[in-house]
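Trainee: have a look at this prediction, sequence included:
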Amino acid sequence: MADHLRKYETLFTLTPQRMRMIVEAFKEYLELGLEKPKQTVPMIPTFVFGWPSGEEKGDYLAVDLGGTNLRVCLVTLQGDGKFEITQSKYRLTEEQKQEDGQKLFDFCAESLKSFIDNSLMESGQMKDGQKLPLGFTFSYPCSQQRIDHGILIRWTKGFGAANTEGEDVAAMFHSTLEKYQLPVELTALINDTTGTLIASHYVNPQTKIACIFGTGCNAAYMEHVKDIPKMKELNIDENADMAINCEWGAFDSDEHEHLPRTKYDIIVDETSNKPGEQAFEKLISGRYLGEILRLVICELIDEGVLFLGQNTYKLENPYAFDTAFLSLMESDPTDELLMIIGIFSHFFAVETTLAERQFFRALAKLIGRRAARLSACGIAAIVSKMGYLDEGCSVGADGSLYNKYPGFADRIHEGLVDIFGERGRNITTYHAEDGSGVGSAIIAAMTKKRKDAGIHPDL
């Protein structure tokens, strides 16, 4: 097994020099996305102007249409970076994800109505005749011309609701809110990554960047309007700042010349529901890491190296190997690697030797470490572009991979030191605040204040 492991170490290890080359290429993609519309990494302006003061106060509603649940929240901002939150979750069925888009927004409005009636009116948190600003978190790529507008570019995360792509989802939701006569004012349409940026900065003003490392991956940061050439014609004050939703999972999807894709990564891409898209995401995100490991195992079964004489058909199903298994394999504390015995016997009905288990754990480590080091390259590209290295900054990070995968954050930090040397220690990541609830509410507060003050009221 040791000979085989050496081969995979060569394939999956990223040297510091290679990482620095990726960072340089990444910066070029970021610049190009700011310069022209419809680029590989689209760098979407969010019309969230500048940072929160931390003193935002008042009651705001947030509706978060996630991949699994719909969440409705009342966020009470208390100033001084503090808040309270009341929330309810509503499960989304597979049918709702695929049927007509207007029906999906009807469900959002019905859930909001039930939350207002049953949670807020009864507890006295909301009075009759009161109208609250609402932030709508819609975490699918949208192009925006202003903050309460968004044309859905494409569904992701397994959604496919008809009559929605190419439409203004804010207008669709707005008409549903009117139909149900809800006492709300739709103030802002936001992406969860942008919300994470704003919520994290509200609580920790050192935060300059936010990232999501979960089923997908993405980042947001605050850019100077003067450095966004594609927005010139809007005549926004050049000294203003605006949050940018990078949608960076698409990095290198056009040329495939910068990322170290192995043959397993190419198979993952070609057999995915969106071949040729999201190249960066497919090397990093929780949706794909288990599948990369499974493909290596299947190759070794075919070569007669693993599980001789055993029936391995369960391992041949695509995506049968969950990324959570990699987490468990890496964190197995026993000498005999009993957790790994359990995974293979319980889920795949195969027996393993100790040498095989040690090999699987080493392989999981290689794949997990590569994902974290590539994540560090994305963060480094923004840090380098914005000149944050010397003063240092905090990065609010969220998502199942960041929160649950053992050592993921440490490996990002190790990667940043490999890229920048000792100064890389100035960049620290931490578990972010709730962007899709709290962040959405803070953005609604900031937007209301900005428009009331007559600053770009039409954006």
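Mentor: Right, received. Where do you want to start? Numbers count the residues shown, from 1 in each chain.
Trainee: point out where the stretch 1-150 of the chain drops to low pLDDT.
Mentor: By pLDDT under 70, the stretch 1-150 of the chain has no low-scoring segment.
Trainee: try 90
Mentor: Along the stretch 1-150 of the chain, the model assigns pLDDT under 90 to residues 1-2, 53-55, 66-69, 79-82, 91-94, 118-131, 139-141, 143.
Trainee: what are the ranges of the helices in it?
Mentor: For the stretch 1-150 of the chain, the helices defined by DSSP state H, counting those that start in this stretch occupy 2-12, 16-35, 94-98, 101-115, 122-123.
Trainee: by contact count, what packs against the fourth one?
Mentor: Contact analysis of helix 101-115 by 3 or more CB pairs under 8 Å, 6 or more residues apart in numbering; DSSP states H and E lists strand 57-65, strand 69-79, strand 82-91, helix 94-98, helix 169-179 as its packing neighbours. C-beta here means a position set from N, CA and C on the backbone, and glycine is covered the same way.
Trainee: going along the chain, name the helices of the stretch 151-300 of the chain.
Mentor: Along the stretch 151-300 of the chain, counting by DSSP H, counting those that start in this stretch, helices occupy 169-179, 192-203, 263-270, 281-284, 289-302.
Trainee: for Glu35, which of the helices and strands packed on helix 101-115 is the nearest?
Mentor: helix 169-179 (26.2 Å; CB to CB).
Trainee: now the closest one and strand 57-65, what's the angle there?
Mentor: Comparing the axes of helix 169-179 and strand 57-65 via axes from the mean of the first three to the mean of the last three CA atoms, to 10 degrees yields an angle of 110 degrees.
Trainee: for helix 169-179, what is the distance to the chain centroid?
Mentor: In terms of CA atoms, centre = their mean, to the nearest Å, the centre of helix 169-179 is found 26 Å from the chain centre.
Trainee: which elements pack onto that helix?
Mentor: helix 101-115, strand 132-138, strand 184-190.
Trainee: need these in JSON lines (columns: mean neighbour count and distance to Ile412).
Mentor: Output for the helices and strands packed on helix 169-179, formatted as JSON lines (neighbours: other CB atoms under 10 Å; distance: least, CB to CB, whole Å):
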{"stretch": "helix 101-115", "mean neighbour count": "19", "distance to Ile412": "34"}
{"stretch": "strand 132-138", "mean neighbour count": "24", "distance to Ile412": "25"}
{"stretch": "strand 184-190", "mean neighbour count": "25", "distance to Ile412": "25"}
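Trainee: give me the low-pLDDT residue ranges for the stretch 301-450 of the chain?
Mentor: Scanning the stretch 301-450 of the chain for pLDDT under 90 picks out 433-437.
Trainee: hey, where'd the strands end up in it?
Mentor: For the stretch 301-450 of the chain, the strands defined by DSSP state E, counting those that start in this stretch cover 393-398, 427-431.
Trainee: could you single out the most deeply buried of the ones you listed?
Mentor: Mean neighbour count (mean count of other CB atoms under 10 Å) peaks for strand 393-398 among the strands of the stretch 301-450 of the chain, with a mean of 24.
Trainee: strand partners (parallel or antiparallel) of that strand?
Mentor: Its sheet considered, strand 393-398 pairs with strand 207-213 (parallel), strand 427-431 (parallel) by DSSP bridges.
Trainee: TSV for the ones you listed, including distance to Lys274?
Mentor: As requested, the strands paired with strand 393-398 are exported to TSV (distance: least, CB to CB, whole Å):
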stretch	distance to Lys274
strand 207-213	18
strand 427-431	28
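Trainee: out of those strands, which gets nearest to Gly124?
Mentor: Closest among the strands paired with strand 393-398, using CB to CB: strand 427-431, at 33.1 Å.
Trainee: now the closest residue to Ile427 other than its chain neighbours: how far from Leu234?
Mentor: Of all residues not flanking Ile427 in the chain, Leu416 sits nearest, at 5.1 Å (CB to CB, 6 or more residues apart in numbering). Look at Leu416 and Leu234: by CB to CB, to the nearest Å, they are 35 Å apart.
Trainee: I am finished for the moment; much appreciated.
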